[in-house]
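[1] I need the structure of the sequence given here:
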Amino acid sequence: MKIKRIFVLSISLGLLFFQSALIPGRSGGSVSFAAAGASSDDASGGSLLPEVDFRWAFAVMSDRDGSIDAQPIAREMVLQSGDQIKMMVELRRRCFVYFFHDNQKGGVKLLFPYALGQFDTDYQVDRRYYIPRGEAWFKLDENPGREVFYLVASAKRLDELEKAYLRHESADASSRAETAKALVDKIRELRREHRELSSPAERPVPIGGTLRGVEKGRDPSLFDIAAFADEVLSNGFVARTYTIEHN
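    As a prediction, this is how the structure comes out:
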């Protein structure tokens, strides 16, 4: 099961486990598819700014008999072939946000940042970063299965996590399943190590309901998922897991 990038026309590119689908945007991909709000206080009772602070959106757009609807993706969700998904990160304070996709078949892809070097170049506060870029969306293909996504954010850059990802990226076919497991294990280890810092801290943005239809006659590719963003706050670490069952 894979997701494709959707563009105005339909083409496909094979990028690891991504295929592209048309809408102006950058390189596409094919993926196989299967939160909280208060700042910390110091010992004297004074309020401290959260070390991790960013807006996050993860949305799905569905077309059911010509009726197009968009809604936020929950931690566990069932989606259908043809559904389109998109994500957005907007830093409110400089911190380090990572978003991984695990296709459960020995492949893990870093979806954000677009490349690890981005942390040293194009990584700005109060700028919206869309995944995939621009107006593109990922599209679930005809191959059902389970997809798991990991959102990890930290006040400090996670060097060991990055090294685990680079080992996986450079692994040959015979060891990719092993390095993928090691990467996922590292995410889980970080969650355990930072448990005291990762209490839920989420400030939902009101949007007038959990489901929002796309206006009739409007190009659905132009729908801005920032409408579904919540503000994620933490004393130093955030970890979320999203599991999508693709039917």
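[2] For the closest residue to residue 92 other than its chain neighbours, give me its contacts.
    Leaving aside its chain neighbours, residue 92 sits nearest to residue 53 (4.2 Å; criterion: C-beta to C-beta, 6 or more residues apart in numbering). C-beta here means a position set from N, CA and C on the backbone, and glycine is covered the same way. Contact analysis of residue 53 by C-beta atoms under 8 Å, 6 or more residues apart in numbering lists 91-93, 95, 231-234.
[3] would JSON lines of those residues with pLDDT and secondary structure be doable?
    Putting the contacts of residue 53 into JSON lines (pLDDT from 0 to 100; DSSP: H, G, I helix; E, B strand; the rest coil) gives the following:
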{"residue": "91", "pLDDT": "97", "secondary structure": "strand"}
{"residue": "92", "pLDDT": "96", "secondary structure": "coil"}
{"residue": "93", "pLDDT": "94", "secondary structure": "coil"}
{"residue": "95", "pLDDT": "96", "secondary structure": "coil"}
{"residue": "231", "pLDDT": "93", "secondary structure": "strand"}
{"residue": "232", "pLDDT": "93", "secondary structure": "strand"}
{"residue": "233", "pLDDT": "92", "secondary structure": "strand"}
{"residue": "234", "pLDDT": "89", "secondary structure": "strand"}
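[4] got these as TSV, with distance to residue 75 and neighbour count columns?
    Output for the contacts of residue 53, formatted as TSV (distance: C-beta to C-beta, whole Å; neighbours: other C-beta atoms under 10 Å):
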residue	distance to residue 75	neighbour count
91	22	20
92	22	16
93	24	14
95	21	22
231	17	18
232	13	26
233	18	24
234	17	26
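[5] Kindly list the longest strand within this structure.
    Ranked by residue count and defined by DSSP state E, the top strand of the chain is strand 52-64.
[6] Please name the strands paired to that one in the sheet, noting orientation.
    Applying DSSP bridges, strand 52-64 is found paired with strand 67-72 (antiparallel), strand 84-91 (antiparallel), strand 230-234 (antiparallel).
[7] Return the helix or strand in this protein with minimum mean pLDDT.
    Among the helical and strand segments of the chain, the one scoring lowest on mean pLDDT, DSSP states H and E is strand 18-19, with a mean of 35.
[8] And stretch 102-113, end to end?
    End-to-end distance for stretch 102-113, by C-alpha to C-alpha, to the nearest Å: 16 Å.
[9] So for that stretch, mean pLDDT?
    For stretch 102-113, mean pLDDT rounds to 87.
[10] And stretch 61-78, by the same measure?
    82.
[11] got it, and stretch 180-196?
    Averaging pLDDT along stretch 180-196 gives 91.
[12] Verify the stated contact: residue 87 with residue 130.
    Yes - using C-beta atoms under 8 Å, residue 87 is in contact with residue 130, at 7.2 Å.
[13] what residues do these two have in common as contacts?
    By C-beta under 8 Å, 6+ apart, the residues touching both residue 87 and residue 130 are residue 225.
[14] which other helices and strands contact the helix of greatest length in the chain?
    Using DSSP state H to define each element, the chain has its longest helix at helix 176-193. Applying 3 or more C-beta pairs under 8 Å, 6 or more residues apart in numbering; DSSP states H and E, we find helix 176-193 packed against strand 96-102, strand 108-112, strand 145-154, helix 159-170, strand 237-246.
[15] Could I have the CA atoms of stretch 116-123 written out in CSV?
    Written as CSV, here are the backbone C-alpha positions of stretch 116-123 (Å, rounded to 0.1, in the frame of the first residue of the first chain):
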residue,chain,number,x,y,z
LEU,A,116,18.6,17.0,7.9
GLY,A,117,20.7,19.8,6.5
GLN,A,118,17.6,22.0,6.5
PHE,A,119,18.1,22.6,10.3
ASP,A,120,21.2,24.7,9.3
THR,A,121,19.7,26.5,6.3
ASP,A,122,16.0,27.0,5.7
TYR,A,123,14.5,26.5,9.2
